[in-house]
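[1] What shape does this take:
(one chain, ligands or ions: 2)
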Amino acid sequence: MTAHTARLLTCESPGAVAIIEFKGDLGSLCATLGFPLPEVGQIALREFTGVDEVLLARIDEHRLHCMPHGGPQVLRQLEERLEGVGLTLERGRAGDWPEAQDPIEAAMLETLPQARTRVTMELLLSQPARWSQDIEWTDADEQRSMRLRRLLDPPTVVLAGRPNIGKSTLLNALAGRHRAIVSDKPGTTRDAVGAMLNLGGLIVQWFDAPGLRTSDDPIEAAAIAASQRIIRDADLLIAAADCDTDWPSLPRRPDLRIGLRVDLGIIRGADVSCAAGLEEGLEDVVTLVREALVPAADLECERAWDFAQLRRE
Ligand SMILES: Nc1nc2c(ncn2[C@@H]2O[C@H](COP(=O)(O)OP(=O)(O)O)[C@@H](O)[C@H]2O)c(=O)[nH]1
Ligand SMILES: [Mg+2]
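    Residues are numbered from 1 along each chain as shown. Ligands and ions are numbered 1, 2, ... in the order given. This next block holds a predicted model:
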């Protein structure tokens, strides 16, 4: 039996400072942990034996906030030290944000660490003010909210087309560095090769993959099966062709068609064309793909975004 509790008020992801709230008989707790208890209203810098220097803020008679650095290593050590004296570090739940004005702000703070781009961060930060207005939710709001979830949960984009038409070159040009294997020999990219790309504020997981084909070689057949799975599960399926090759046959209708190596000739039926090897037309590709997943109109819309399925709770 313990007369105290310890609860992590800050979120799990690494931050500059973490806050742990101690409650209960603080005098005996501090004696056990080996540092003097600050007076009510006092803030003190203390050595948390062998772990870290912490700020202690005595909120009232029975509450003490302990603020170590917020790195995972420090927290782990501190948690072990607390377990050594029979205290379990409880985890905060959404809504436990002491600085939040209301549940929406608490949910926003909880979600903020998932934002990987400035666009997403700014959109999240603007939500509490939007939710504080009278909102009449429409189906359009619901659908926009679902599309905007892609800002928090990177969608997969698959570029499928025959070998040797410049798919990997496009991925490399978009990534701004060499990730995929680029080669003159058809079929060099055996497995689907992926990279995380920032497409104008939207992070996507981009793969290139061959279209439907068969092979007697078991390794090649396994690679084909893997790329078929990626094609099937893609959030956005893009067909690729150049002027000399046909559009690939795919298990479903592609969402977009991109023409590659357009410097060698016009590609009929393409929604957009580029010459990635010459760094030409890349911005048009980025805009069209971003637009297909998260339209600019959704980003510019000033209505509230249900960023954490708050209306279903
Ligand atoms: N002319 C031209 N050649 C390109 C372009 N992009 C790629 N290539 C060349 O096309 C060949 C195949 O490219 P790669 O990206 O490996 O094709 P993948 O098999 O579809 O991934 C390589 O020799 C590239 O240098 C381009 O925009 N124009
Ligand atoms: Mg390739």
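
[2] For this structure, which residue gets nearest to ligand 1?
    residue 277 (2.7 Å; CB to the nearest ligand atom). C-beta here means a position set from N, CA and C on the backbone, and glycine is covered the same way.

[3] Show me what counts as buried in whichever strand or helix holds residue 169.
    In the assignment (DSSP states H and E), residue 169 maps to helix 167-175. Neighbour-count burial for helix 167-175 flags 167-175 (criterion: 16 or more other CB atoms under 10 Å).

[4] filter these down to the ones close to ligand 2.
    Contacts with ligand 2 within these, as defined by CB under 5 Å from the ion: residue 168.

[5] would you turn the buried residues of helix 167-175 into a markdown table with distance to residue 295?
    Below are the buried residues of helix 167-175 laid out as a markdown table (distance: CB to CB, whole Å):
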| residue | distance to residue 295 |
| --- | --- |
| 167 | 25 |
| 168 | 28 |
| 169 | 27 |
| 170 | 22 |
| 171 | 23 |
| 172 | 27 |
| 173 | 24 |
| 174 | 20 |
| 175 | 24 |
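
[6] could I get the buried residues of helix 167-175 as JSON lines with distance to residue 267 and pLDDT?
    Shown next, in JSON lines, are the buried residues of helix 167-175 (distance: CB to CB, whole Å; pLDDT from 0 to 100):
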{"residue": "167", "distance to residue 267": "13", "pLDDT": "94"}
{"residue": "168", "distance to residue 267": "18", "pLDDT": "91"}
{"residue": "169", "distance to residue 267": "15", "pLDDT": "93"}
{"residue": "170", "distance to residue 267": "13", "pLDDT": "95"}
{"residue": "171", "distance to residue 267": "18", "pLDDT": "92"}
{"residue": "172", "distance to residue 267": "20", "pLDDT": "90"}
{"residue": "173", "distance to residue 267": "17", "pLDDT": "93"}
{"residue": "174", "distance to residue 267": "18", "pLDDT": "93"}
{"residue": "175", "distance to residue 267": "23", "pLDDT": "89"}
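
[7] Please enumerate the helices of the stretch 151-300 of the chain.
    167-175, 218-233, 282-293, 296-300 (DSSP state H, counting those that start in this stretch).

[8] Lowest average pLDDT across those helices?
    Out of these, helix 218-233 stands lowest, with a mean of 81 (criterion: mean pLDDT).

[9] and the nearest residue to residue 306 once chain neighbours are set aside, how many neighbours does it have?
    Nearest non-adjacent residue to residue 306, counting by CB to CB, 6 or more residues apart in numbering: residue 145, 4.0 Å away. Residues near residue 145, counting by other CB atoms under 10 Å, number 20.

[10] circling back: pick the most buried one from the helices of the stretch 151-300 of the chain.
    Ranked by mean neighbour count, those are led by helix 167-175 with a mean of 22 (mean count of other CB atoms under 10 Å).

[11] Determine the set of other helices and strands touching it.
    strand 156-160, strand 193-199, strand 202-209, helix 282-293 (3 or more CB pairs under 8 Å, 6 or more residues apart in numbering; DSSP states H and E).

[12] Nearest spatial neighbour of the residue of the chain closest to ligand 1, chain-adjacent residues omitted?
    residue 169 (5.2 Å).

[13] and if you look at residue 221?
    residue 215 (5.0 Å).

[14] What's the separation between the one you found and residue 207?
    19 Å (CB to CB, to the nearest Å).

[15] of these two, who's got more company?
    residue 207 (22 against 13).

[16] Just the pLDDT for that one.
    90.

[17] Likewise for the one 5 residues further on?
    The predicted local confidence for residue 212 comes out at a pLDDT of 62.

[18] With residue 202 instead?
    At residue 202, pLDDT is 91.

[19] Please shift the residue numbers so they start at 99 in all later answers.
    Let's use 99 as the start, then, which means that last one is residue 300.

[20] if we can go back for a sec, go ahead and confirm the residue nearest to residue 375 touches residue 374.
    Yes: the criterion here is CB atoms under 8 Å, and residue 267 meets it with residue 374 at 4.6 Å.

[21] Give me the buried stretch members for stretch 121-130, please.
    Buried residues in stretch 121-130 (16+ other CB under 10 Å): 121-122, 124, 127-128.

[22] Present the residues you listed as JSON lines; the columns should include secondary structure, pLDDT and distance to ligand 1.
    Listed next are those as JSON lines, based on DSSP: H, G, I helix; E, B strand; the rest coil; pLDDT from 0 to 100; distance: CB to the nearest ligand atom, whole Å:
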{"residue": "121", "secondary structure": "strand", "pLDDT": "94", "distance to ligand 1": "59"}
{"residue": "122", "secondary structure": "strand", "pLDDT": "92", "distance to ligand 1": "62"}
{"residue": "124", "secondary structure": "helix", "pLDDT": "93", "distance to ligand 1": "64"}
{"residue": "127", "secondary structure": "helix", "pLDDT": "91", "distance to ligand 1": "62"}
{"residue": "128", "secondary structure": "helix", "pLDDT": "90", "distance to ligand 1": "63"}
